[in-house]
Each structure stands twice: as structure tokens, then as C-alpha cells.
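1. Show me the folded form of this:
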Amino acid sequence: MSKLPNVSASIFSVMSQLANENNAINLSQGFPNFPVDKRLLEISERLLSENIHQYTPMVGLPSLLEKIALLTQNRYARTINTKEELLVTTGATQGIYTAINTIVNQGDEVIILDPSYDSYEPSVLVAGGKPIRISLNGDYSPDFNRIEAAITPKTKLIIVNNPHNPTGKIWSNNDFESLETILEKHTQVLLLSDEVYEYISFKHAHISVNTRPKLRDKVIIASSFGKSLHVTGWKVGYLIAPKTIMNEIKKVHQFLVFSVNSIAQHVISEYLDVVDFDKVSEMYARKRTLFQDILKDSKFEVLPSEGTYFQIVNYKEISTKNDIDFAKELTIKHGVAAIPISVFYKDATDKHMLRFCFAKTDETLIAAGNKLKTI
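-> Predicted coordinates for the structure are as follows:
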């Protein structure tokens, strides 16, 4: 008997395969196609010959834990206890899965805000929970009236994603104040904050839950070095959570992964001494502007992208086809692959929207943009 009978191949895999089959420019799956920092490679090459190839401690390499704590202190003015509140994970997806399967029991309800990343609901279902999907507002801000109305005595967890994939929306201070008010009234509800794009924001700074004292005792925060350092294939992330919650997460983690890749942890630990995360945002801001400027001459409507490395567009002036069919047509006939936004909704809401990933070389973005302008 399947625990996930309605889950098929991920849309990301489907579109990437279609792009490969049609020799299309792949702006669908969210991974960079440019080289990593040379300093990261130099550290990797040097450390490979050292004795760093055995298990690290289950919670993470001690030096990396200390660097994460320092990063969190410098960035968010939050002091975390590396022994009690921090865990290195095999990417943020594993961290999120582990957190959900630690917290959620049979019959518990979990509120997910749509459009939502596709790993949330399956993780809830495997845990025996019930996903409650709530759509965001038209501008992709949270609808707190609907969120609070969905809370029942069975509600165990709310999952938020900020900066938001796929829309690039960033939460405001007012949004957090509204959430804090709700959670103060519903004390049984915990929060899972997916912040994997925390170091990619533009005009408005990303507000981390790390900066919200009212939420710290009930929130698990997921972060990703894969996204922040452009090494998605390394699959290294981390969780921050209160001691009582983290103790339970560690129990599940040790039998799921035990310890994360030792080489990647050592390299990242040393690289954190030299990387400037402000430069990460600056680089992606330039790529976003480059891509948006090209699309200004197209029939696509370019929507705001406040963070992440994703750009959503509306194609209603081009076609009346549903977004999945249009995304496939775009790949096969026009040579550019994108992700249809309807797949991020439980009810497959179709607003004729596509998501492009601009974490690509300038040459790739220019070539893709020029193809899109001809449609």
C-alpha cells in the first residue's frame, strides 16, 4: 500500500527532462548553471587530501556549527546554542521532512500556504498528518483571516516560506505581527519557517523569524547552503529550533541520515570565513534586472520579484492554453523551459503564470530572453 498514492514524478524532473529532450534552455529547475566561487574550489582541493573523510558528529561538524551560530548572530542579532538549538542536515528538504515527521502525528493538521513548494504536503502525508492548503492573496501576501479560520484543535503546524518560492514574495513586518497575534491565541500551533532563500533579497530586506523573539520558542527555521552558496548538489542545510523541539528532531535525524557529508561540512566551514552574503544578493539583483529588461520587449507580463532567484510572468496576452500545456509548448516549440505555477496549488489554480529561474549565466539569460521576445 502506497503512503503517497497520488504523488508522481516532480514537475521539476518532468520539465528538465523535456528541456533535455528538446535541447531547450532550462530555466525551469532552480539550480545555478554558473561556476562556484574559485575560493570554494581552492578550499575543496586543499582539504581533500586531509583526514576529513570519516563520520562527523551527528549534529554537525563542531566548527561549522560555530560558524553558523556566528553568522546568525551577525546577521540577525540572535544568539543560538550550538549544542542545543542547531542541526546540520542533508539539505533543507531533509531538514523540513525530518522536522515535520518529528512534530506531526496521525490526524494532526498542518496549514500550508499555496502556491507552495512540492515537498511540504508529501512530508505531512508520510507522517500521517492532514495538509490544509490555504491560498495566498492575489499579490501573494498571506491571508491571515483565512489562515486563522482554518485553525482547529487539531492544527499542529503552520508552514511558511519566506522569501517565497515560486513567487519571489517577501513578508512584511505587518505580516509577522499578524502571525504573532494568531499564534499567541493558538498556543498549540508550531511554526516551520522555510528560509532557504534568505540571502537573496532585493529592494526589501528579508525578515527572518530569527529576528522575532515572540516566535522563537515555537519555530523551526530551515536554511540551505546549497541555495546561499550556489552548491545545490552538495545538499547541506541546517535547522534552528528551541532545545525541547530540537531534541526530538535529533532523534529522528540520527536514524534517517545520522551525519552529513564530511567533506562538504569542512569546506563550507572554512568558506564561511571569506564569503560575503551581501554580494550574493547583489549578483542575483543584477541577473534579475538583466532578465526583466529583456522581457520588457516581450508579450509576457513581468511580475515583481522581491527575493529568491525566480521570476514569474503572466502569458495571458500570448495564449489561452492552461499553464502546463503552455509550458510544454514553450519548451518544445520555442526552446525555453519554465515551471507552470498551477502545480504549486492543491486545486491547480491556473492564472496563466510561469516561473523562470534566473540563476544562470548572463549568456543563458540573454539567449532565453531573446527567444521569449519572439513569441
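
2. ranges for the helices of the protein?
-> Ranges of helices in the chain, per DSSP state H, are 11-21, 38-48, 62-76, 91-103, 120-126, 144-150, 173-185, 225-228, 243-256, 262-271, 277-295, 323-334, 362-373.

3. average pLDDT for the third one?
-> Which is helix 62-76. For helix 62-76, mean pLDDT is 97.

4. tell me which residues in it are buried?
-> Across helix 62-76, burial judged by 16 or more other C-beta atoms under 10 Å covers 64-65, 67-69, 71-72, 76. Where you see a C-beta, it was placed from the backbone N, CA and C, and this is true even at glycine.

5. Are there helices or strands packed against that helix, and which ones?
-> With contacts defined as 3 or more C-beta pairs under 8 Å, 6 or more residues apart in numbering; DSSP states H and E, the packing partners of helix 62-76 are strand 86-89, helix 262-271.

6. Just put these in TSV and tack on mean pLDDT.
-> Conversion of the helices and strands packed on helix 62-76 to TSV gives the following (pLDDT from 0 to 100):
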stretch	mean pLDDT
strand 86-89	98
helix 262-271	98
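
7. Pick the most deeply packed of these.
-> Among the helices and strands packed on helix 62-76, judged by mean count of other C-beta atoms under 10 Å, the one packed with the most neighbours on average is strand 86-89 (a mean of 25).

8. Parallel or antiparallel, which strands does that strand pair with?
-> Each strand pairing with strand 86-89, determined using DSSP bridges, is listed with its direction: strand 237-240 (antiparallel).

9. And the buried residues of helix 62-76, which is closest to residue 85?
-> Top of the list for closeness to residue 85, among these and by C-beta to C-beta, is residue 69 at 8.7 Å.

10. Surely the closest one is in contact with residue 86?
-> Yes. Contact status for residue 69 versus residue 86: in contact at 6.7 Å, counting by C-beta atoms under 8 Å.

11. could you dump the helices and strands packed on helix 62-76 to JSON lines with distance to residue 180?
-> Supplementary listing: these in JSON lines, determined by distance: least, C-beta to C-beta, whole Å:
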{"stretch": "strand 86-89", "distance to residue 180": "23"}
{"stretch": "helix 262-271", "distance to residue 180": "32"}
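
12. Out of the ones you listed, which is closest to residue 105?
-> Across the helices and strands packed on helix 62-76, residue 105 has its closest neighbour in strand 86-89 (20.6 Å, C-beta to C-beta).

13. pretty sure residue 344 contacts residue 118?
-> Yes. Counting by C-beta under 8 Å, residue 118 is a contact partner of residue 344 at 7.1 Å.

14. neighbour-wise, which of the two wins?
-> Higher neighbour count among residue 344 and residue 118: residue 344, with 20 against 15, using other C-beta atoms under 10 Å.

15. any idea how far residue 286 is from that one?
-> When distances are taken as C-beta to C-beta, to the nearest Å, residue 344 and residue 286 turn out to be 27 Å apart.

16. how about low-confidence regions in the chain?
-> Residues of the chain that meet the criterion pLDDT under 70 are absent altogether.

17. per the record, what domains does it have?
-> Here the domain assignment for the chain is 11-36+277-373, 38-271, based on automatic domain parsing.

18. could you redo those domains as a markdown table and give each row distance to residue 1?
-> Below are the domains of the chain laid out as a markdown table (distance: least, C-beta to C-beta, whole Å):
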| stretch | distance to residue 1 |
| --- | --- |
| domain 11-36+277-373 | 23 |
| domain 38-271 | 13 |
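
19. how about the ones you listed, which one is nearest residue 3?
-> Judged by C-beta to C-beta, the one of these that comes nearest to residue 3 is domain 38-271, at 5.4 Å.

20. And that closest one, end to end?
-> According to C-alpha to C-alpha, to the nearest Å, domain 38-271 extends 11 Å from its N-terminal end residue to its C-terminal end residue.

21. residues making contact with stretch 344-351?
-> Residues from elsewhere that reach stretch 344-351 (C-beta atoms under 8 Å, 6 or more residues apart in numbering): 114-118, 121, 131, 133, 135, 166, 314, 322-323, 340-342.

22. Show me what counts as buried in it.
-> For stretch 344-351, the neighbour count (16+ other C-beta under 10 Å) marks 344-345, 350 as buried.

23. repeat for stretch 185-203
-> Judged by neighbour count (16+ other C-beta under 10 Å), stretch 185-203 contains these buried residues: 189-202.

24. Which two among the residues you listed are spaced furthest apart?
-> For the buried residues of stretch 185-203, the farthest-apart pair by C-beta to C-beta is 189 and 202; their separation is 31.0 Å.

25. how far away is residue 53 from residue 264?
-> Here the distance between residue 53 and residue 264 works out to 12 Å (C-beta to C-beta).

26. should've said residue 153
-> As defined by C-beta to C-beta, residue 153 lies at a distance of 42 Å from residue 264.

27. again, but for residue 178
-> Spatial separation of residue 178 from residue 264 under the definition C-beta to C-beta is 38 Å.
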